[in-house]
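Enquirer: the amino acid sequence is not available; the structure is as follows:
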């Protein structure tokens, strides 16, 4: 948006430009990362694989990975003080995160993109992603 470039059709999400420009309040923000240790890494544990997801809603950020983390952002912008064991907000936010994950998975199935695959990308883009290590050979 900021550069005036249309994103490719397979990209999901919505623009944060109105938030940056102060025209809208911060929306619910969801992010995920597929974690795959380098191939041949014998030291990698099973917990080092999978999807790590994060959700920011209101003033809270919850991270679900090997364990759960919870941060109250107005007091802890650097995310140094994990409140997961102390706050009653954790359960509510984990339920909300689970619902976002469920809807995201349903949308992927509807779009036929599966989980993290590269369907819909042209051959040149696929080769560039392979060269950068984002896709396997």
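Expert: It's in. Please read these numbers as outputs of a predicted model, since none were measured by experiment.
Enquirer: tell me, how many residues neighbour residue 18?
Expert: Using other Cβ atoms under 10 Å, residue 18 has 13 neighbouring residues. (C-beta placed from N, C-alpha, C; glycine too.)
Enquirer: start the count at 235 instead of 1 going forward.
Expert: In the new count, where the first residue is 235, that last one comes out as residue 252.
Enquirer: wait, it touches residue 236, no?
Expert: No - the pair residue 252 / residue 236 is not scored as a contact, 11.2 Å apart, by Cβ atoms under 8 Å.
Enquirer: residue 304: which element?
Expert: According to DSSP states H and E, residue 304 maps onto strand 302-306.
Enquirer: kindly report the same for residue 358.
Expert: Short version, using DSSP H and E: residue 358 is in helix 357-365.
Enquirer: which stretches in this structure count as strands?
Expert: For the chain, the strands defined by DSSP state E cover 263-269, 284-291, 294-298, 302-306.
Enquirer: the strand holding residue 304 pairs with which strands?
Expert: Sheet pairing here is set by DSSP bridges, and for strand 302-306 it gives strand 294-298 (antiparallel).
Enquirer: which parts of the partner strand are buried?
Expert: Neighbour-count burial for strand 294-298 flags 294-298 (criterion: 16 or more other Cβ atoms under 10 Å).
Enquirer: with stretch 330-344 instead?
Expert: If you call a residue buried by 16+ other Cβ under 10 Å, then stretch 330-344 has these buried ones: 330-331, 334-335, 338.
Enquirer: roughly how far does the closest residue to residue 266 other than its chain neighbours sit from residue 339?
Expert: Among residues not flanking residue 266 along the chain, residue 287 sits closest, at 4.5 Å (Cβ to Cβ, 6 or more residues apart in numbering). Residue 287 is 11 Å from residue 339, where distance means Cβ to Cβ, to the nearest Å.
Enquirer: with residue 329 instead?
Expert: Relative to residue 339, residue 329 is positioned 16 Å away (Cβ to Cβ).
Enquirer: before we move on, back to that, ok, so of the buried residues of strand 294-298, who is nearest residue 325?
Expert: Residue 325 lies nearest to residue 296 out of the buried residues of strand 294-298, by Cβ to Cβ, at 10.0 Å.
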